[in-house]
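Q: Kindly return the folded structure for what I paste below:
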Amino acid sequence: MEITGKIIAALTVRQGTSNRTGNPWMSQEFVIETHEQYPRRCCFRVFGEDKLKNMNIQVGEELTVSFDIDAHEYQGRWFNDISAWKVDRVPANATPVAPTNAAATPASAPMAPAAPAAAAPAAAAAIPTPEAPAAGEEDDLPF
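A: Residues are numbered from 1 along each chain as shown. Model (predicted):
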């Protein structure tokens, strides 16, 4: 999966030694925020000292992050693990684009085909406009 946005936080680096192999390990989590109408945030993890150095993620950068999602159970509770495996820098002159997927638009709102620009003035003139009630009249609308 992929997500594009701006890195808004870099959490502290975690490191230790594996109980199984005895090898040292290093991990860091980052928070990315999308540029949609209603921005979403996602916390992802980069595991491995070599990956952390190669990706060199900084707060404020515009990135496209490729990641895998997995879940694990611990003491009867489930936890998501979002691990990044590739990071692409978004060019500074590129404008952020919101995704155009079906989930972004409500299913109940039908999509109308776009009218050509030349037909727009004629179509606007053909739409009747409601008249305002006269000074002494009341409408029967409940609102």
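
Q: Show the residue spans covered by the strands in this structure.
A: Secondary structure of the chain (DSSP state E): strands at 2-10, 14-17, 24-33, 41-47, 62-74, 77-89.

Q: So what are the sheet partners of the second one and their directions?
A: In the sheet containing strand 14-17, the strands it pairs with under DSSP bridges are strand 24-33 (antiparallel).

Q: What separation is there between E29 and G5?
A: Relative to G5, E29 is positioned 15 Å away (C-beta to C-beta, to the nearest Å). In short, each C-beta sits where N, CA and C put it, glycine included.

Q: Then R89?
A: Taking C-beta to C-beta as the measure, R89 and G5 are separated by 13 Å.

Q: quick one: which of the two has more around it?
A: Legend: neighbour count by other C-beta atoms under 10 Å for R89 and G5, higher for G5 (22 against 13).

Q: Spit out the contact partners of that one.
A: With contacts defined as C-beta atoms under 8 Å, 6 or more residues apart in numbering, the neighbours of G5 are 32-35, 39, 42, 62-63, 96.

Q: List buried members of these by neighbour count.
A: The neighbour count (16 or more other C-beta atoms under 10 Å) marks 32, 34, 42, 62-63 as buried among the contacts of G5.

Q: Just flag the most distant two among those.
A: Set against one another by C-beta to C-beta, the buried ones among the contacts of G5 have their most distant pair in C42 and E62, with a gap of 14.5 Å.

Q: pretty sure R14 is touching M26, no?
A: Yes. In this structure R14 lies within contact range of M26 using C-beta atoms under 8 Å: 7.3 Å.
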